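**Student:** Need coordinates for the below:
(chains A and B)
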2 protein chains.
Amino acid sequence: MSTPLSSTPRTTLRRLPQRAVGERTELHALLDEALVVHVGFVDQGQPFVIPTLLARRGEQVYLHGSARSRLIEVLAGGAPCCLTVTALDGLVLARSAFHHSVNYRSAVILGRGREVEGQEKLAALEALVERVSAGRWAEVRPPNPTELLATRVLAVSLDEASLKVRSGPAKDDEEDYELACWAGVLPLRTAAGEPQPDERLRPGTRVPPGLAAWAR
Amino acid sequence: MSTPLSSTPRTTLRRLPQRAVGERTELHALLDEALVVHVGFVDQGQPFVIPTLLARRGEQVYLHGSARSRLIEVLAGGAPCCLTVTALDGLVLARSAFHHSVNYRSAVILGRGREVEGQEKLAALEALVERVSAGRWAEVRPPNPTELLATRVLAVSLDEASLKVRSGPAKDDEEDYELACWAGVLPLRTAAGEPQPDERLRPGTRVPPGLAAWAR
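**Tutor:** A predicted model of the protein is given here:
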């Protein structure tokens, strides 16, 4: 999996090309860290962007949803889509308004949905649950036939994707370094609070070890 | 501003309508809390979703970008767009795989961009910088004419918008409450780390008070 990201005219960065990252492993790392993907599709000429959970297996990103959701309906029909995954890593405070920025990693994947069934569908659902808490799939009741029918799963391949990254300090105009105002970076991350047990939990039930990974 | 959200056929939730929130103040609160909006637009039949910063003033959402960015170019041309803002509030662990979920707030705004100039443009840029750190606009060097030319600002109105919210505990099937596995919610939030001062900061420069608001 160490092949670089394929570059097509549609995924070649036009602005700030120095922020392009060509390493497929870094794309994978972002997709494996982020929980939410923003899916873009067109319905009757109107673009829509809907957030949903994602899981990656190899070079496929899996989404799932209700059999009646518009997102799933449109994508399962083979319409072109755009999957965007963003991690906000920090606020960049410069000495001029203009050079304020953010540190981020952002992946843009262009493709079409492919509905998956059978073993691949089950494996994708497992991967989606495992994203929440490693080991979770084995702890819970698996989907029954009715639930499987009510859920549709789509795959989008990573064939056409770009990754854009900004990191590091503010970059000010040389003459602005004399200004007295503060400049620097405020790091941001997704943080977990204390697990809130369900009211009807059976006494003595312990927090699953997989959740501990969120206490970074 | 206590008017409810307008409901059009395009912004009426088809799935899980009980998650719809009709309060305009709650939409405002989400837009004022989130830093990033995912903007959907169509270019030559292909949907694109690009993350960018946002700021709200009244019933307008403002975006900005390089005069050469495709996002800005397409939106300034009056193309239909979709602005989606998502806050992930928690992971919901149920006793069955099927009922796993997330707590979230998600706004979907449909509209068209309107390029703004003059005083409204300056006020929008001020609002964007103030989102990073309250009081920041007065601390830094304001944009010069060259920088203003290099930056374009767009407004999208909140006329056609929906807000969808899931909160609270897992909802399991009655018979699954007997299962021994843990269930509950893991709260998630965006957390700030320690401010990292720029290497070339003038000695004795203090962290601006506006940044302290991030230390929630």
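
**Student:** contacting residues for A:Thr12?
**Tutor:** Applying Cβ atoms under 8 Å, 6 or more residues apart in numbering or on different chains to A:Thr12 gives the contacts A:Ala20, A:Ser162. Heads up, the C-betas are built off the backbone N, CA and C, glycines and all.

**Student:** Quick check: it vs chain B, distance?
**Tutor:** In this view, A:Thr12 and chain B are 11 Å apart by Cβ to the nearest Cβ, to the nearest Å.

**Student:** three-state assignment of the closest residue to A:Phe98 other than its chain neighbours?
**Tutor:** Spatial nearest neighbour of A:Phe98, excluding adjacent residues (Cβ to Cβ, 6 or more residues apart in numbering or on different chains): B:Glu147 at 4.2 Å. Secondary structure assignment for B:Glu147 (DSSP: H, G, I helix; E, B strand; the rest coil): helix.

**Student:** now A:Gly78, what's its secondary structure?
**Tutor:** Strictly by three-state DSSP, A:Gly78 counts as coil.

**Student:** follow-up on the earlier one: thought A:His100 was touching the residue nearest to A:Phe98, still the case?
**Tutor:** No. Using Cβ atoms under 8 Å, B:Glu147 is not in contact with A:His100; the gap is 11.3 Å.

**Student:** more neighbours, those two?
**Tutor:** Neighbour count, other Cβ atoms under 10 Å in any protein chain shown: between B:Glu147 and A:His100, A:His100 has more, with 23 against 16.

**Student:** My guess is the more buried one contacts B:Val132. True?
**Tutor:** Yes. At 5.9 Å, A:His100 counts as touching B:Val132 under the criterion of Cβ under 8 Å.

**Student:** Now do the shared contacts for those two.
**Tutor:** A:Leu93.

**Student:** Okay, buried residues for the helix or strand containing A:Leu122 please.
**Tutor:** Counting by DSSP states H and E, the element that carries A:Leu122 is helix A:118-132. Neighbour-count burial for helix A:118-132, with 16 or more other Cβ atoms under 10 Å in any protein chain shown as criterion, is recorded at A:Glu120, A:Lys121, A:Leu122, A:Ala123, A:Ala124, A:Leu125, A:Glu126, A:Ala127, A:Leu128, A:Val129, A:Arg131, A:Val132.

**Student:** Go ahead and name everything in contact with that helix.
**Tutor:** A:35, A:53-57, A:62, A:64, A:116, A:136-137, A:140, A:143, A:148, A:151, A:153, A:155, A:210, B:91, B:93, B:97, B:100.

**Student:** Buried ones among these?
**Tutor:** Buried subset of those (neighbour count, 16+ other Cβ under 10 Å): A:35, A:53-56, A:62, A:64, A:116, A:136-137, A:140, A:143, A:148, A:151, A:153, A:155, A:210, B:91, B:93, B:97, B:100.

**Student:** Contact partners for A:Cys82?
**Tutor:** A:Val39, A:Gly40, A:Phe41, A:Val108, A:Ile109, A:Leu110, B:Gly40, B:Gln46, B:Pro47, B:Phe48, B:Val49.

**Student:** picking up where we left off before, could you dump the next helix or strand after the helix holding A:Leu122 to PDB, C-alpha only?
**Tutor:** Later in the chain than helix A:118-132, the nearest helix or strand by DSSP H and E is helix A:136-139. Taking Å, rounded to 0.1, in the frame of the first residue of the first chain, the C-alpha atoms of helix A:136-139 are listed here in PDB:
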ATOM      1  CA  ARG A 136     -17.100  -4.000  19.900                       C
ATOM      2  CA  TRP A 137     -18.400  -6.300  17.100                       C
ATOM      3  CA  ALA A 138     -17.700  -9.400  19.300                       C
ATOM      4  CA  GLU A 139     -19.400  -7.800  22.300                       C
END
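
**Student:** now check helix A:136-139, is it near chain B?
**Tutor:** Yes. Judged by Cβ under 8 Å from any Cβ of the partner chain, helix A:136-139 comes into contact with chain B at A:Arg136, A:Trp137, A:Glu139.

**Student:** pLDDT at the residue of chain A most remote from its centre, what is it?
**Tutor:** No residue in chain A sits farther from the centre than A:Glu178, which is 39.7 Å out by Cα atoms, centre = their mean. For A:Glu178, the model assigns a pLDDT of 95.

**Student:** repeat for A:Pro4
**Tutor:** Per-residue pLDDT puts A:Pro4 at 67.

**Student:** what's around A:Ala138, how many residues?
**Tutor:** When neighbours are counted by other Cβ under 10 Å, A:Ala138 registers 11.

**Student:** give me every residue that touches it.
**Tutor:** A:Ala138 sits next to no residue when contact means Cβ under 8 Å, 6+ apart.

**Student:** ok, it to B:Leu93 distance?
**Tutor:** From A:Ala138 over to B:Leu93 the distance is 13 Å, taken as Cβ to Cβ, to the nearest Å.

**Student:** do the same with A:Pro187
**Tutor:** Distance of A:Pro187 to B:Leu93, given as Cβ to Cβ: 28 Å.

**Student:** re the thing from before, in helices only, show me the contacts of helix A:118-132.
**Tutor:** Applying DSSP state H to those, the entries found in helices are A:Arg136, A:Trp137, A:Leu148.

**Student:** Could you dump these into a markdown table with distance to B:Ala29 and pLDDT added?
**Tutor:** Output for those, formatted as a markdown table (distance: Cβ to Cβ, whole Å; pLDDT from 0 to 100):
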| residue | distance to B:Ala29 | pLDDT |
| --- | --- | --- |
| A:Arg136 | 32 | 97 |
| A:Trp137 | 36 | 97 |
| A:Leu148 | 38 | 97 |
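
**Student:** quick check, nearest of these to A:Ala215?
**Tutor:** Of all the ones in helices among the contacts of helix A:118-132, the one with the least separation from A:Ala215 (Cβ to Cβ) is A:Arg136, at 16.0 Å.

**Student:** The closest one and B:Ala94 touch, don't they?
**Tutor:** No. Counting by Cβ under 8 Å, A:Arg136 does not reach B:Ala94; the two are 10.0 Å apart.
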